[in-house]
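# got a sequence here, can you build the structure:
(one chain, ligands or ions: 1)
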Amino acid sequence: MGKHAPKSRKVKIQNRLSEVHEIELLEEWIESGKPESGSNPLSLEPLPHKAPVGRLPDGSFSRYAGCDRFSQLPVSKKTKDGLTQCKYKTMTDIQRASLPHSLCGRDILGAAKTGSGKTLAFVIPVLEKLYKARWGPEDGVGCIIMSPTRELAGQLFEVLKSVGKHHGFSAGLLIGGRKDVDAEKEHVNGLNILVCTPGRLLQHMDETPNFDCSQLQVLVLDEADRILDVGFKRDLNAIISQLPKHRQTLLFSATQTKSVQDLARLSLKDPEYLGVHEESDTATPNRLQQTAMLVPLDKKFDMLWSFIKAHLNSRILVFLSSCKQVKFVFETFKKLRPGIPLKCLHGRMKQDRRMGIYSQFCEQRSVLFSTDVASRGLDFNKAVDWVVQVDCPEDCAAYIHRVGRTARYLSGGRSVLFVMPSEMKILEKLEEKKIPLRVIKANEKRIQSVSDLLASLLVKYPDLQHLAQRAFVTYLKSIHKQRDKEIFDVTKLPIDEFSASLGLPMTPKIRFLKQKLKGKTVSEALSLIPENTSNDNLLEFPIKEPEFPIKDPDAGKSDVEEVDEDILLAKETQEGGENINSKGDDMLATRVTKKKKLKINVHRPVGTRVVFDEEGNTLPPLARLAASSSGADSVQLNKEKVNQRYAELRKNLKVADKEDKDLDRKRRKEKRIKEKMKNKRGREEEEEEDEELSGSDMETPRGRVDKKTKIYFDSDDEDGERRGDMAKKEGIAADAISLAEQEELALKLLNSMHS
Ligand SMILES: Nc1ncnc2c1ncn2[C@@H]1O[C@H](COP(=O)(O)OP(=O)(O)OP(=O)(O)O)[C@@H](O)[C@H]1O
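Numbers count the residues shown, from 1 in each chain. Down below sits the predicted model:
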């Protein structure tokens with residue numbers, strides 16, 4: 001991994017001899033002090049710092065189980081030098097507990113809180129295993145480190161490179177979303193350590209000639225429970241089937257799996273289970289201050305906006321449930337210029353851009369809106385001040401990983417969870433999992449309504465309206481898809497109010513609400529929508545692809561002033577969160593009634609911040625937005641124009657609605673005719689036709705994209721969104737063909753009937 005100057009043959013031979021000597025010594029040392037299987041070295045006293053290390057004068061070796069410094073471990077000088085240069089001296093608990101076992105070659109199931117140093121707990125044994133095996137370029141792949149997301153893989157790769165820089169191994173980062181896969185294929189056979197996402201690894205296993213992992217020494221799964229989860233099941237099974245069973249396996253996560261079934265899949269051999277924080281009072285870092293606030297769905301954006309405005313000097317990571325939500329909040333808030341740079345991260349972004357955003361967020365104060373793609377493992381330079389969960393996590397594990405992006409290693413951090421009245425059950429579940437949450441009440445006076453501003457933006461930028469509609473639908477769909485029905489119930493959501501809070505002029509009708517599905521509950525109706533239905537198909541509005549030239553996300557960067565950091569966190573509830581059950585409406589004063597929706601008071605203060613126009617005049621933000629001189633990003637809050645635009649939209653919608661009905665009528669008629677003809681043709685023929693339509697098991701129907709091969713390459717924790725996208729494309733194409741075909745068929749049939 002490191003770059004070495006050319007060395008003379010003599011020096012090389014000397015180095016090799018000293019390496020061989022060092023390896024012999026390390027092996028003896030390790031053998032002499034092996035911790036007992038099943039023991040936790042953390043229970044042992046650390047060695048005194050000045051105690052001699054390695055071989056002692058009497059020929060014995062110093063104890064390494066229980067020691068708390070890297071220098072006291074039986075690891076190579078190269079690894080020790082790497083650690084010292086990275087300023088790692090004292091071990092964290094998970095490192096102290098697991099390294100003595102993993103250095104002996106044992107399989108490990110390691111669980112420790114977020115930010116507690118699990119990465120080094122597997123990077124060190126990987127380097128040591130290959131070093132002691134004298135692994136060289138010609139030996140091929142000796143270790144695979146798998147991560148569920150590309151960003152995390154990138155980060156692990158960086159740690160590996162810096163700690164392993166004195167070793168001579170070659171390592172490669174194999175992740176989806178990169179264009180250079182062909183170049184990768186040429187080099188991958190020469191790599192010793194692969195840091196990868198499951199999808200990309202499988203792609204190489206399937207496509208790269210002579211790709212060989214048969215000599216694999218160590219397999220590492222970081223965020224193991226996620227990789228063993230159903231989403232990766234197929235990929236992981238396919239990968240495991242191509243790996244040798246005789247290997248060391250290291251599994252780490254903050255929320256570890258203990259499922260025997262999972263472990264059997266990985267053929268673990270008497271693994272050491274090291275859950276170092278199991279005895280702890282809390283499942284999350286002690287330095288993390290966690291709060292929850294009751295926020296009705298239609299107030300979420302008001303609350304988020306107010307929160308951001310109140311924390312302009314912080315680095316804030318905001319979690320939302322879908323890409324569309326992230327895009328919507330990012331694009332609209334950016335235009336409203338909160339006074340802090342805004343960024344967004346989601347699975348649909350190009351990989352280079354994702355990496356760029358990730359490192360920018362590490363460097364500067366800003367707000368990052370993200371899906372769960374950033375929820376696991378990422379170490380944002382230890383400097384996230386706040387984690388805000390606008391949308392409820394799917395379960396307690398997801399909660400733990402999200403809040404774990406702050407309060408890492410020795411630093412502190414804060415988090416806030418917005419809980420809707422229908423989701424209160426999650427608080428109980430979090431408490432059961434030893435997550436200490438204070439339920440707090442928002443300071444109603446400081447909450448600024450943003451829905452009116454969003455409504456104006458949607459009028460000015462029609463593309464935003466499409467985005468808002470999509471955000472609306474994907475949110476409802478995401479709630480419906482959640483497994484935990486005790487927490488997530490789409491039927492309990494204030495759908496109209498939510499739509500208004502996005503600034504939409506009217507609630508987008510979801511197709512299931514009318515026609516055939518009439519009379520069904522929202523939930524029943526959603527369940528009737530096929531999994532791969534594109535979100536667009538659910539809308540009544542004519543949809544076109546929004547074109548968002550993603551402008552510089554730092555556009556929101558402007559003057560910043562000191563604000564009271566805690567203005568939102570006014571009254572705390574008494575211990576035990578007694579007011580959990582109080583009505584949501586009482587908690588927020590800024591409820592916007594529907595009637596008020598279009599009344600935009602341009603003089604109502606949104607913030608105290610003073611901004612400057614191009615001439616250098618000062619204006620309060622809203623007045624500036626409302627100024628009729630239109631700067632590129634200014635928002636014109638012209639009531640008449642707003643009403644006019646809405647009237648236009650309503651008219652268009654009526655026309656679109658009528659067209660839809662006509663089309664539907666026509667389709668039904670065609671279908672009837674087709675059915676009549678089918679009956680005529682008799683049973684036998686009909687069966688043949690059915691077989692053709694459903695596609696034979698033996699071969700892929702001509703012209704149909706082979707979904708399987710296309711999909712799994714990009715299956716890196718994007719929550720199946722790519723699958724949806726592909727299905728969408730196929731669906732659209734299929735629709736277009738079938739309509740044309742149907743018309744033609746109907747004509748033919750009519751002609752044949754008349755003839
Ligand atoms: N022994 C150590 N001394 C000093 N800093 C450390 C040590 N071990 C880890 N760190 C630092 O602690 C931070 C968190 O480490 P790491 O990312 O490995 O945590 P983690 O347990 O894997 O977290 P997560 O569960 O979120 O993936 C990193 O910035 C890392 O550099």
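# pLDDT weak spots in this protein?
1-7, 382, 511-646, 649-650, 653, 678-755 (pLDDT under 70).
# next structured bit after the helix or strand H187 falls within?
H187 belongs to helix 181-187 when elements are defined using DSSP states H and E. Counting by DSSP H and E, the element after helix 181-187 in chain order, helix or strand, is strand 193-196.
# that older thread, does the helix holding H187 pack against any helices or strands, and if so which?
Contact here means 3 or more Cβ pairs under 8 Å, 6 or more residues apart in numbering; DSSP states H and E; on that basis helix 181-187 packs against strand 171-174, helix 198-207. In this view, the C-beta of every residue, glycine as well, is placed from N, C-alpha and C.
# name the residues that touch the last one?
Translated: helix 198-207. Outside helix 198-207, the residues that touch it by Cβ atoms under 8 Å, 6 or more residues apart in numbering are 144, 146, 148, 174-176, 181, 184-185, 188, 194, 211, 213, 227, 232, 235-236, 238-239, 242, 712-716.
# on that earlier part again, for the helices and strands packed on helix 181-187, give me a markdown table that also has mean neighbour count and distance to V416.
Converted to a markdown table, the helices and strands packed on helix 181-187 look like this (neighbours: other Cβ atoms under 10 Å; distance: least, Cβ to Cβ, whole Å):
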| stretch | mean neighbour count | distance to V416 |
| --- | --- | --- |
| strand 171-174 | 20 | 34 |
| helix 198-207 | 21 | 33 |
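# can I get these in a markdown table with distance to P48?
What follows is those, written out as a markdown table (distance: least, Cβ to Cβ, whole Å):
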| stretch | distance to P48 |
| --- | --- |
| strand 171-174 | 36 |
| helix 198-207 | 44 |
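# those into TSV, with extra columns for distance to the ligand?
What follows is these, written out as TSV (distance: least, Cβ to the nearest ligand atom, whole Å):
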stretch	distance to the ligand
strand 171-174	17
helix 198-207	17
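# show me what counts as buried in the helix holding H187.
Neighbour counts over helix 181-187 (16 or more other Cβ atoms under 10 Å) mark 181, 184 as buried.
# kindly report the same for stretch 374-385.
The neighbour-count check on stretch 374-385 (16+ other Cβ under 10 Å) flags 374-380, 383-385 as buried.
# what of stretch 409-429?
411, 413-427.
# which secondary structure state does L317 sit in?
Following DSSP: H, G, I helix; E, B strand; the rest coil, we place L317 in the strand state.
# what's across from it in the sheet?
L368, V387 (DSSP bridges).
# okay but it is in contact with S370, surely?
Yes. L317 is in contact with S370 according to Cβ atoms under 8 Å; the separation is 6.5 Å.
# quick one: contacts for the spatially closest residue to I193 that is not a sequence neighbour?
Using Cβ to Cβ, 6 or more residues apart in numbering and skipping residues adjacent in sequence, the residue nearest I193 is A171, 4.0 Å away. Residues near A171 by Cβ under 8 Å, 6+ apart: 1, 157, 160-161, 164, 191-195.
# any chance of those in JSON lines, plus neighbour count?
Converted to JSON lines, the contacts of A171 look like this (neighbours: other Cβ atoms under 10 Å):
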{"residue": "M1", "neighbour count": "19"}
{"residue": "F157", "neighbour count": "21"}
{"residue": "L160", "neighbour count": "25"}
{"residue": "K161", "neighbour count": "17"}
{"residue": "G164", "neighbour count": "23"}
{"residue": "L191", "neighbour count": "20"}
{"residue": "N192", "neighbour count": "23"}
{"residue": "I193", "neighbour count": "29"}
{"residue": "L194", "neighbour count": "24"}
{"residue": "V195", "neighbour count": "30"}
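# nearest to Q72 among those residues?
G164 (20.0 Å; Cβ to Cβ).
# name the residues of the protein found near the ligand, please.
The chain comes close to the ligand at residues 88, 90-92, 95, 112, 114-120, 254, 377, 379, 382, 404, 408-409, as judged by Cβ under 6 Å from any ligand atom.
# so where does R414 fall, helix or strand?
Per DSSP H and E: R414 is located in strand 413-419.
# neighbouring strands of that strand in the sheet, and parallel or not?
strand 288-294 (parallel), strand 386-389 (parallel).
# got phi/psi on S370?
Torsion angles at S370 (phi, psi; degrees, to the nearest 10) stand at phi -150, psi 160.
# you'd agree it is up against C323?
No. Taking contacts as Cβ under 8 Å, S370 lies outside contact range of C323: 9.9 Å.
# and for these two, which residues touch both?
Taking Cβ under 8 Å, 6+ apart as the contact rule, S370 and C323 both touch H346.
# what's the burial count for K676?
By other Cβ atoms under 10 Å, 11 other residues sit near K676.
# look at it and give its secondary structure.
Assignment for K676 (three-state DSSP): helix.
# now it: how far from E670?
Remark: distance between K676 and E670 (Cβ to Cβ, to the nearest Å) = 11 Å.
# same question, L304
For L304, the distance to E670 - Cβ to Cβ - is 48 Å.
# of these two, which one has the most company?
L304 (22 against 18).
# next up, the contacts around the more buried one.
Contact analysis of L304 by Cβ under 8 Å, 6+ apart lists 318, 329, 388, 390, 418.
# what is the nearest of those residues to P100?
Distances from P100 to the contacts of L304, taken by Cβ to Cβ, are shortest for V388, at 39.4 Å.
# which among the contacts of A171 gets closest to the ligand?
L160 (11.6 Å; Cβ to the nearest ligand atom).
# contact partners for that closest one?
1, 123, 126-127, 145, 171, 193, 195.
# including distance to E223, could these go into JSON lines?
JSON lines is the format used below for the contacts of L160 (distance: Cβ to Cβ, whole Å):
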{"residue": "M1", "distance to E223": "23"}
{"residue": "V123", "distance to E223": "15"}
{"residue": "V126", "distance to E223": "16"}
{"residue": "L127", "distance to E223": "20"}
{"residue": "I145", "distance to E223": "11"}
{"residue": "A171", "distance to E223": "19"}
{"residue": "I193", "distance to E223": "18"}
{"residue": "V195", "distance to E223": "13"}
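# ends of stretch 242-254, how far apart?
27 Å (Cα to Cα, to the nearest Å).
# taking the contacts of helix 198-207 one by one, which sit in strands?
144, 146, 174, 194 (DSSP state E).
# excluding chain neighbours, what is closest to the second one?
This points to M146. M146 sits nearest to L221 (Cβ to Cβ, 6+ apart), 5.2 Å away.
# the one you found bridge partners, please.
Counting by DSSP bridges, L221 is bridged to M146, L251.
# wait, it touches I227, no?
Yes. Here L221 lies in contact with I227, judged by Cβ under 8 Å, at a distance of 4.9 Å.
# anything in contact with each of the two?
Common neighbours of L221 and I227, using Cβ under 8 Å, 6+ apart, are M146.
# with adjacent residues omitted, what lies nearest to the residue nearest in space to the middle of the chain?
Nearest residue to the geometric centre of the chain (Cα atoms, centre = their mean): V373, 1.5 Å. Excluding its sequence neighbours, the residue lying closest to V373 (Cβ to Cβ, 6+ apart) is G347, at 5.1 Å.
# how is the one you found assigned, secondary-structure-wise?
coil.
# any idea how far it lies from the ligand?
Separation of G347 from the ligand (Cβ to the nearest ligand atom, to the nearest Å) stands at 19 Å.
# count residues in the vicinity of that residue, would you?
By other Cβ under 10 Å, the residues close to G347 number 24.
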